[in-house]
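Novice: I'll drop the sequence and a predicted model, then ask my questions.
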Amino acid sequence: MRLGCIADDLTGATDLANNLAHGGMRVSLRVGVPDGDCDDVDAVVISLKSRTSPVSQPVSESLQAARWLRAHGAAQIYFKICSTFDSTPAGNIGPVAEALADALSARSIAVTPAFPAGGRSVYLGHLFVGSVLLSDSSMRSHPLTPMTDANLVRVLQAQLRESRVGLLDVSSVAQGGQAVRARLDTLAASGFRFAIVDSIDDNNLD
C-alpha cells in the first residue's frame, strides 16, 4: 500500500478515491476503521464521520485508522479534510492533525485544502471559494461550522494545543518541489510544524 487515507466524511472519501483511481491507482474505500485484512491495492481510503463530532471521538477514530493503515503497510498517511476547511474554533481539523502528527512523529506537515478544479484556492494563506473569500461565501452562515475567517493560518492555529502554523506562499510553490521542501524545512527549524500551502491552480497543487 503506497497511500493510506483518512477522510473526515463519506463524500470527501468517495471524491478522493475517485481522483486516486483516475490517477491510475488501485483503490479500496472502507467505511469506518476496518477490522479485517487489507486488499491488494495501492491506496486505502477510510471514511470516518468526524467533521462535527465531539473532538475526542474523531481523534480516537483517526488514530485507530492510522494504526490499521500502518499495520497493513501504508508508506504515507494522508488526512483528507474539507476544501472549505469546515470546522469550529475547537476543531476538529487541528486536534486530529496534531494527534496524527504526534503518532507518526511527523516534524513538518503541509496543509493543502485547495481544490482549484472545484473552485477552492488558497492565496497568501486565505481560502477563496470561487472569486470570494471563504468568510464572504455561504459558508459564513453554515449552521454547524460557520466559517467567518478566511485566514487559514489563524483558523488552524486556534485549534492546536502546542504546534505552530506557518505559511508556504505561492512564490515558493511556483519554484517547484525542491523549493517547497526547503521552505517546509526552514519553517520546521523555526518551530512551525504545520504550514498552510498556497495553491491557486492545478500547477501549484501538483
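Specialist: Right, received. Where do you want to start? Bear in mind that the values here come from a model prediction, so they are computed numbers and not experimental data.

Novice: send the alpha carbons of stretch 155-162 over as PDB?
Specialist: Provided in PDB are the C-alpha atoms of stretch 155-162 (Å, rounded to 0.1, in the frame of the first residue of the first chain):
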ATOM      1  CA  VAL A 155      -8.000  29.400  11.900                       C
ATOM      2  CA  LEU A 156      -5.800  26.300  12.200                       C
ATOM      3  CA  GLN A 157      -3.600  27.900  14.900                       C
ATOM      4  CA  ALA A 158      -6.600  28.500  17.100                       C
ATOM      5  CA  GLN A 159      -7.300  24.700  17.000                       C
ATOM      6  CA  LEU A 160      -3.900  23.500  18.000                       C
ATOM      7  CA  ARG A 161      -2.600  22.800  21.500                       C
ATOM      8  CA  GLU A 162       1.100  23.100  21.100                       C
END
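
Novice: Just give me how far the longest helix seen in the chain sits from the chain centre.
Specialist: Of all the elements of type helix in the chain, the one with the most residues (DSSP state H) is helix 56-71. Relative to the chain's own centre, helix 56-71 is displaced by 15 Å; criterion: C-alpha atoms, centre = their mean, to the nearest Å.

Novice: ditto for stretch 40-55
Specialist: Here stretch 40-55 shows a centroid-to-chain-centroid distance of 11 Å under the convention C-alpha atoms, centre = their mean.

Novice: re the thing from before, flag every buried residue along the longest helix of the chain.
Specialist: For helix 56-71, the buried set under the neighbour-count rule, 16 or more other C-beta atoms under 10 Å, comprises 58, 59, 61, 62, 63, 64, 65, 66, 68, 69. C-betas here are computed from N, CA, C, even on glycine.
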